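Trainee: Build me a structure from this.
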Amino acid sequence: MDVSNLRHSGLLSTEAGIDTLIDRGICSTNGSAMRLAQQACRVSPYPDLEKGLYLFEHRRCYDEIISFSNALCYKGKLRPLRGKAPTNASLPALGYLHIDGRALTAGSSRCNPLEAQTIAAWLAANRAGLEARYGRPLEKIVAIVTPFGRQVREIREACANRKIVVEGREGMTIGTVHVLQGAERPVVIFSPVYSKHVDGGFIDGSPSMLNVMVSRAKDSCLVFGDMDVMATARTGSPRAIVADFLLASEGNALEFAVEQREDLKQGVGQIQMLRDAAGHDAFLLDALSGAGRRYTIVSPWVIASTMERVGLLAAFEAAVVRGAEIDVFADPLLNMGKAADGLTQIDAVEKAFSRIGVRLHKLPKLHSKIVAIDSDLLCIGSYNWLSADRYGQYARHETSFVYRGQHLEEEISTIVGSLRRREA
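Mentor: Below is the predicted model of the structure:
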């Protein structure tokens with residue numbers, strides 16, 4: 001269409017010259033009035049920025065939020081003037097909830113039902129607190145942004161099912177990034193959709209997408225999605241930059257139980273829910289004493305003394321002796337604290353595992369918490385299998401779902417393959 005329009009207007013004689021016209025901003029597919037104006041502008045005092053004058057003072061967002069936009073688009077020239085988020089804020093300025101969902105293709109669009117369901121559940125659970133803090137309806141406090149029109153429909157339906165108004169002037173703003181152009185909300189939630197099943201490079205195609213999404217949030221910008229995909233994006237890409245900001249502090253992680261995966265509920269039998277530390281320990285110990293041949297355990301945090309106290313090291317050793325293969329994936333960056341004998345936690349675990357024949361794989365920026373056994377058993381949730389505090393404040397707040405059946409083979413293969421590619 002661009003080629004046809006440009007030829008008809010006498011602006012293009014051969015297709016070889018279209019790249020120059022694309023850069024000018026004149027094409028219908030990716031052009032903009034702003035770029036045309038900048039091309040015509042004769043004022044350019046900032047060599048490393050686009051032409052024109054800029055309003056560098058920023059007062060809408062907390063400093064932590066606009067610092068991302070400053071790094072992504074403005075070469076550090078913005079001057080944040082609102083100040084840092086208060087230490088007693090109920091939500092982090094930049095926060096995330098890791099969700100092990102699945103990106104599905106829907107025509108020419110994509111959706112991630114688990115992200116949509118979890119966002120709606122989180123909003124319903126936090127409605128009272130948000131409304132008390134801001135003194136207005138939830139629908140006027142939060143906006144939700146996603147790259148895909150089909151995901152907009154998924155989120156709207158999930159929210160409507162939770163009695164959240166999504167229609168009319170009183171409805172919550174839910175849409176692609178364009179719905180927030182020129183707008184703002186105290187809290188903005190971003191649903192990236194992409195998962196281990198599909199690369200998320202589309203988001204990196206336009207830095208303005210993430211810039212608009214983040215900079216519309218006055219108090220909190222929250223990402224609900226697969227953080228493993230975000231964190232392993234190409235270095236320097238918009239997704240990688242936002243992941244660096246989100247993962248800068250452990251306090252940025254939200255505590256919330258993710259919903260069930262509907263796409264994994266095809267097997268025979270009921271879905272098993274593990275609700276606390278005791279339930280998770282009993283499940284894993286029982287699984288290790290069974291007939292499984294191949295165990296893959298993803299636990300970002302690992303503590304050798306915890307595994308020994310619970311009996312997991314002995315269970316690992318017994319499973320290896322009977323011929324089972326056990327691979328544990330952990331994040332070395334999270335396990336640099338001191339253990340016994342002057343070792344770090346990760347070194348102590350590596351020493352213990354090498355003694356009993358368990359293979360330890362060190363993957364930085366790891367967020368999933370998974371147990372996969374052979375090709376027909378998969379457990380996904382929020383529990384750090386090999387480190388979690390069995391007695392602390394979160395001991396009874398961890399939730400995982402156990403799925404069983406031969407239909408899990410593809411999903412387990414995708415998870416393991418993603419881990420192996422990251423390791424390579």
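Trainee: which one's the longest helix in the chain?
Mentor: helix 113-134 (DSSP state H).
Trainee: can you give me how far that one is from the chain middle?
Mentor: 17 Å (C-alpha atoms, centre = their mean, to the nearest Å).
Trainee: Can you spell out which helices and strands pack onto it?
Mentor: Packing contacts for helix 113-134, counted by 3 or more C-beta pairs under 8 Å, 6 or more residues apart in numbering; DSSP states H and E, involve strand 142-145, helix 149-161, strand 185-190, strand 217-225. For the C-beta atoms, the positions are set from N, CA and C on the backbone; glycine is no exception.
Trainee: can you list contacts of the longest one?
Mentor: With contacts defined as C-beta atoms under 8 Å, 6 or more residues apart in numbering, helix 149-161 is touched by 106-107, 109-113, 115-117, 119-120, 123, 144, 146, 166, 172, 174-176, 191, 193.
Trainee: Pull out the buried residues from these.
Mentor: 110-113, 115-117, 119-120, 123, 144, 146, 166, 172, 174-175, 191, 193 (16 or more other C-beta atoms under 10 Å).
Trainee: Please name the nearest non-neighbouring residue to Ala71.
Mentor: Take Ala71 and drop its neighbours on the chain: the residue closest to it by C-beta to C-beta, 6 or more residues apart in numbering is Ile241, 5.9 Å away.
Trainee: That neighbour - that's part of a helix, no?
Mentor: Yes. Under DSSP: H, G, I helix; E, B strand; the rest coil, Ile241 sits within a helix.
Trainee: Contact partners for it?
Mentor: Going by C-beta under 8 Å, 6+ apart, Ile241 touches Phe68, Ala71, Leu72.
Trainee: For those, give me JSON lines that also has pLDDT, secondary structure and neighbour count.
Mentor: Shown next, in JSON lines, are the contacts of Ile241 (pLDDT from 0 to 100; DSSP: H, G, I helix; E, B strand; the rest coil; neighbours: other C-beta atoms under 10 Å):
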{"residue": "Phe68", "pLDDT": "93", "secondary structure": "helix", "neighbour count": "24"}
{"residue": "Ala71", "pLDDT": "92", "secondary structure": "helix", "neighbour count": "15"}
{"residue": "Leu72", "pLDDT": "91", "secondary structure": "helix", "neighbour count": "19"}
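Trainee: for the least confident helix or strand in the chain by mean pLDDT, which positions count as buried?
Mentor: One helix or strand of the chain scores below all others by mean pLDDT, DSSP states H and E: helix 18-24, with a mean of 78. Residues of helix 18-24 classed as buried: Leu21 (neighbour count, 16+ other C-beta under 10 Å).
Trainee: cool, stretch 323-342 as well?
Mentor: Buried residues in stretch 323-342 (16+ other C-beta under 10 Å): Ala324, Ile326, Asp327, Val328, Phe329, Ala330, Asp331, Pro332, Leu334, Asn335, Ala339.
Trainee: In strands, which of these fall?
Mentor: The strands, defined by DSSP state E, take in Ile326, Asp327, Val328, Phe329, Ala330 from the buried residues of stretch 323-342.
Trainee: and which of those is nearest to Glu423?
Mentor: Phe329 (8.2 Å; C-beta to C-beta).
Trainee: Quick check: bridge partners of the closest one?
Mentor: Phe329 has these beta-bridge partners by DSSP bridges: Val298, His361.
Trainee: That one and Leu419 touch, don't they?
Mentor: Yes. Phe329 lies in contact with Leu419 (C-beta atoms under 8 Å); the separation is 5.5 Å.
Trainee: Residues in contact with both of the two, list them for me.
Mentor: Thr296, Val298, His361, Leu363.
Trainee: quick one: contacts for the second one?
Mentor: Put plainly, it is Val298. Val328, Phe329, Leu366, Ser368, Lys369, Ile370, Val371, Trp385, Ile415, Leu419.
Trainee: what's the answer for the third one, then?
Mentor: For His361, the contacting residues are Asp327, Val328, Phe329, Ala330, Leu419, Glu423, taking C-beta under 8 Å, 6+ apart as the criterion.
Trainee: Report the separation between it and Thr414.
Mentor: Separation of His361 from Thr414 (C-beta to C-beta, to the nearest Å) stands at 17 Å.
Trainee: Ala89 now?
Mentor: For Ala89, the distance to Thr414 - C-beta to C-beta - is 37 Å.
Trainee: what bits of the stretch 201-350 of the chain have low per-residue confidence?
Mentor: Counting by pLDDT under 70, the stretch 201-350 of the chain shows low-confidence ranges at 267-269.
Trainee: mind listing the helices for it?
Mentor: 201-204, 207-215, 227-231, 238-246, 277-288, 304-310, 312-321, 345-356 (DSSP state H, counting those that start in this stretch).
Trainee: Give the residue spans of the stretch 1-150 of the chain that score low on pLDDT.
Mentor: Ranges of the stretch 1-150 of the chain meeting pLDDT under 70: 15-16.
Trainee: those strands in it, which residues are they?
Mentor: Counting by DSSP state E, counting those that start in this stretch, the stretch 1-150 of the chain has these strands, from start to end: 57-58, 79-80, 94-98, 104-106, 109-111, 142-145.
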